[in-house]
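In: Any chance you can model this:
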Amino acid sequence: MKVVNNFYLTPIRFYVFSLSMIFMGGCSPKETILVDNKQDGIFHHIESFGSEFVENRRVDIWLPVVYEKNTEQRYSVMYLHDGQFMFDNAASPMNKGIFISFEGSEGCGKSTQIKRLSHRLENLGIDVLHTREPGGTKLGESIRNLLQHAPEGENMTPESELLLFASSRAQLVREVIAPALEKGVYIIADRFLDSTTIYQGKGRGLDEEFVKQVHDFTVGDFYPDCTFLLDLSVEEGRKRVTDRSGDKPDRMEREPNSFFEMVRSGYLEMAKSNEKRFVLLDGSQSADAIEDEIWEHLNKRYGIGN
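Out: Model prediction:
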C-alpha cells in the first residue's frame, strides 16, 4: 500500500469506482486538498455522495493531476467510507466503534440475534462487547437483581423502577460503553434507554417529559447509532418465554398481556417516528432470515462485510 506524506492507507477500507460516477446527481467538490505534490494528485471532498450501493455519505476522492488535463480519459478513484480522514488517523470516525442496540418485548428473539451478529463481526476481526440492561457493571448487576428477582422489589413503585434503571445505565455508559467505543470496540446492547422510555413511560404511565429529563441527566445525547426493533405479537412472545427450559419468569415478565400490548404499541410508534435510527424487523420470521436482514442493513449503512 502506498504511503502519502508518511500516512499509511492500510487502515482504510476502500472501493474503486469509475470516475464518471463522481459527479452523478449534481455532486460537486466542496474542498480540495493537495497531496504530497502536483505529481501525485489531489483529494476532492464531497459532502453528500450518492450511490446505488449505499446511502448518501461524505467521501474523499483522489484524482491524478493529469485528470484535469485529459478530460477524455477516465480513471479509477478511491472511495473512503463515511468521511474517513486520510491525514489524521487518530481523529478518524472509523477508529471509533459503532453502538448497536436491540429492542423489543419479551421473547422477541433479541438474545439469539445478538449472538449471531457478534459471531459475524468477530469473524471479521472486529472487537465486540455485549452489554445488557439493567446490568453490565458490578453496580448494575446488583440493581438488576433488585429489579428482577429480589423480594424487596415486589412492591416497587414506577418512579423507583425508573430511577433504578437510569442509575444502572449511567454507570454502564461511563464505566463501560463510552471507553470501549473510543477504543474502536463495537457495542451490542441488549436494551438501552428506549426500553425505559417504553416500559416505564408507556407501560407504567409515567410522564414522558419527566422520563426524557431523566435520560438527559443520566446519558445526555448518548444514543445508539443503530437500533434493531424485533416486533412480535404478545401471544407469541409470552409462549416463547414460557417454553424456555429452566427459565423462571422475572418480575417484569409476570406483567399481564395488557401491559405488553402497550409496550408493543409504544415501540412501533417510536420506530415510526425515528426511522433514521430504528430498523423494524418482523420477529416472527426465522432466525436465519432476521440475521440476514440485520447483516444486509449494516452492510448498506456502514460497509460492514464488504
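In: For Glu161, which non-adjacent residue is closest in space?
Out: Of all residues not flanking Glu161 in the chain, Gln200 sits nearest, at 6.0 Å (CB to CB, 6 or more residues apart in numbering). (Each C-beta comes from the backbone N, C-alpha and C, glycine too.)
In: what's the burial count for the one you found?
Out: Neighbourhood size, Gln200 [other CB atoms under 10 Å]: 23.
In: out of everything not next to it in sequence, what's closest to Leu280?
Out: Ala271 (4.9 Å).
In: Distance check, that neighbour against Thr227.
Out: Distance, Ala271 to Thr227, using CB to CB, to the nearest Å: 8 Å.
In: where do the contact lists of those two overlap?
Out: Here Ala271 and Thr227 have Phe278 as joint contacts, going by CB atoms under 8 Å, 6 or more residues apart in numbering.
In: Thr112: what's its closest spatial neighbour, skipping adjacent residues?
Out: What sits nearest to Thr112 in space, not counting adjacent residues and going by CB to CB, 6+ apart, is Ala287, at 5.4 Å.
In: Asn299 touches Gly305, doesn't it?
Out: Yes: contact criterion CB atoms under 8 Å: Asn299 and Gly305 qualify, at 4.7 Å.
In: ok, Ser101 - contacts?
Out: Ile188, Ala189, Arg191, Phe192, Asp194, Pro224, Cys226, Thr227, Phe228.
In: Just give the number of residues close to the fourth one.
Out: A count of neighbours around Phe192, defined by other CB under 10 Å, yields 26.
In: Please tell me I have it right and it contacts Glu133.
Out: Yes: with contact defined as CB under 8 Å, Phe192 counts as touching Glu133 (6.3 Å).
In: sorry, back to before: which helices and strands does the host helix or strand of the residue nearest to Leu280 pack with?
Out: Per DSSP states H and E: Ala271 is located in helix 257-273. In terms of contacts (3 or more CB pairs under 8 Å, 6 or more residues apart in numbering; DSSP states H and E), helix 257-273 is packed against strand 226-231, helix 234-243, strand 278-282.
In: Show me the contact partners of the shortest one.
Out: Outside strand 278-282, the residues that touch it by CB under 8 Å, 6+ apart are 226-231, 268, 270-271, 290, 293-294, 297.
In: Can I get the buried part of those as one ChimeraX selection?
Out: Buried subset of those, written as a ChimeraX selection, criterion 16 or more other CB atoms under 10 Å:
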select :226,227,228,229,230,231,270,271,290,293,294
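In: In CSV, list the contacts of strand 278-282 along with distance to Glu55 and pLDDT.
Out: CSV is the format used below for the contacts of strand 278-282 (distance: CB to CB, whole Å; pLDDT from 0 to 100):
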residue, distance to Glu55, pLDDT
Cys226, 12, 97
Thr227, 16, 98
Phe228, 17, 98
Leu229, 19, 98
Leu230, 22, 98
Asp231, 23, 98
Leu268, 23, 98
Met270, 21, 98
Ala271, 18, 98
Ile290, 21, 98
Glu293, 16, 98
Ile294, 16, 98
His297, 10, 96
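In: from the contacts of strand 278-282, which single one is nearest Glu182?
Out: Closest approach between those and Glu182, by CB to CB: Cys226, at 18.2 Å.
In: what about the helices in this protein?
Out: With helices called from DSSP state H, the chain shows them at 110-123, 138-148, 158-172, 178-182, 193-196, 208-218, 234-243, 257-273, 287-302.
In: tell me the most buried of the ones you listed?
Out: Most buried of these by mean neighbour count (mean count of other CB atoms under 10 Å) is helix 193-196; its value is a mean of 25.
In: what's that one in contact with?
Out: Contact with helix 193-196 is made by 101, 103, 133, 162, 165-166, 169, 211, 214-215, 218-219, 223, 227, 267, 270, as judged by CB under 8 Å, 6+ apart.
In: Send over it as PDB, restricted to the C-alpha atoms.
Out: Coordinates of the C-alpha atoms in helix 193-196 are reproduced here as PDB (Å, rounded to 0.1, in the frame of the first residue of the first chain):
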ATOM      1  CA  LEU A 193     -32.700   3.800  27.200                       C
ATOM      2  CA  ASP A 194     -35.500   3.100  24.700                       C
ATOM      3  CA  SER A 195     -36.600   0.300  26.900                       C
ATOM      4  CA  THR A 196     -37.100   2.700  29.800                       C
END
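In: what stretches of this structure score poorly on pLDDT?
Out: 1-44, 51-54, 62, 64-95, 245-247, 306 (pLDDT under 70).
In: Touching stretch 144-154 from outside, list them.
Out: With CB under 8 Å, 6+ apart as the test, stretch 144-154 has contacts from Pro134, Gly135, Met156, Glu161, Leu164, Phe165, Ser168, Asp250, Arg251, Met252.
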